[in-house]
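Student: model the structure of this input:
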Amino acid sequence: MISSGELRKIAKARWLDAAALLKARRYDGAYYLSGYAIELALKARICRTLKWPGFPESAQEFKGLQSIKTHDLEMLLRFSGIEGRIKQKHLPELPTHRPLISPASHGHVNLRKETSDGYMISVNALRKAMHDITSQKGEFTLFGLFMRADAPGTWDLVVSAPWLENGKLRALSEFVHLLTDSIGEQTFKELSRVQTVGAANPALKKILSAFSVSDGEVRIKQSNMFGLEIEDAIILQAQKPKSKTAASVVSNNNGH
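Tutor: Below you'll find the predicted structure:
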């Protein structure tokens with residue numbers, strides 16, 4: 001569970017980031033981060049309305065609360081207790097909204113821009129990002145690009161790591177921040193979405209049993225993964241995590 005105070009703290013930080021991007025006329029990035037900030041603020045407001053100490057994150061915490069297991073801003077507003085006031089004051093200004101983050105095993109960030117011309121995102125840039133983030137946070141279990149059959153020409157970045165398992169919203173937010181810092185906003189926008197998967201995900205287990213990739217490159221064509229038809233995939237890392245002792249050494253060295 002993520003506390004309402006932590007939600008507000010992250011929301012404020014992302015809102016300030018969005019304001020800085022807007023001032024710099026980097027409108028796509030500002031649009032994305034402002035939507036993310038609004039989502040977190042609405043979740044904090046739901047906690048206040050329902051007198052909860054925090055917002056559910058794990059499957060166990062969401063048990064019996066499936067109706068709020070969503071990242072659709074319209075739905076979250078409905079549960080916030082302030083829908084009437086917000087719509088009365090701002091309805092003329094509100095555009096038709098698409099969910100910023102859609103449900104997944106641990107969450108994924110949907111990016112508004114798609115590369116419909118089939119542009120091949122820089123694998124070298126993503127490999128460098130993988131190295132940069134690994135040096136700060138620890139090893140990835142999975143780091144790969146996946147092109148869904150229903151979205152030809154666009155790439156999803158799918159990642160898994162032990163450090164992404166804890167504090168899911170916080171960890172996802174930090175990962176997106178580190179990724180953008182490494183590859184730059186323009187390359188970041190060339191991704192269709194960023195998705196994290198948990199260690200218990202059956203598809204992840206299947207990949208790890210089939211491949212052992214350590215900072216390499218394995219290409220997979222026309223397969224079924226994560227319950228989706230995959231047209232193409234490029235896997236840079238697919239390795240079972242090191243022992244908890246080794247992982248804790250990395251974490252301690254990074255001040256966490």
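Student: strands of the stretch 1-150 of the chain, residue ranges please.
Tutor: With DSSP state E, counting those that start in this stretch as the criterion, the stretch 1-150 of the chain has strands at 2-3, 54-55, 101-102, 108-110, 142-148.
Student: by mean pLDDT, show me the worst of those strands.
Tutor: When the strands of the stretch 1-150 of the chain are ranked by mean pLDDT, strand 101-102 comes last with a mean of 35.
Student: please report phi then psi for the nearest residue to A149 once chain neighbours are set aside.
Tutor: Closest residue in space to A149, ignoring its immediate chain neighbours: E229 at 3.8 Å, by Cβ to Cβ, 6 or more residues apart in numbering. Backbone N, C-alpha and C define where each C-beta goes, glycine included. With angles defined as degrees, to the nearest 10, E229 sits at phi -80, psi 120.
Student: how many residues are close by E229?
Tutor: 11 (other Cβ atoms under 10 Å).
Student: my read is that it contacts D150, right?
Tutor: Yes - contact criterion Cβ atoms under 8 Å: E229 and D150 qualify, at 7.1 Å.
Student: what residues are up against S34?
Tutor: Residues near S34 by Cβ atoms under 8 Å, 6 or more residues apart in numbering: R14, W15, A18, L22.
Student: tell me how far it lies from L179.
Tutor: As judged by Cβ to Cβ, to the nearest Å, S34 and L179 stand 18 Å apart.
Student: mind listing what I183 touches?
Tutor: So I183 contacts S122, A125, L126, K128, A129 (Cβ under 8 Å, 6+ apart).
Student: pLDDT below threshold where in the protein?
Tutor: 27-28, 66-67, 71, 90-120, 166-168, 242-256 (pLDDT under 70).
Student: spell out, range by range, the helices that occur in it.
Tutor: Along the chain, counting by DSSP state H, helices occupy 4-23, 27-50, 73-79, 83-90, 123-137, 168-183, 185-189, 202-210, 244-253.
Student: W155: which of the ones you listed is closest?
Tutor: Evaluated over those, closeness to W155 peaks at helix 123-137, with 9.4 Å, by Cβ to Cβ.
Student: pull out the buried positions in that closest one.
Tutor: L126, R127, A129, M130, I133, T134, K137 (16 or more other Cβ atoms under 10 Å).
Student: again, but for stretch 222-239
Tutor: M225, F226, I230, E231, D232, A233, I234, I235, L236, Q237, A238, Q239.
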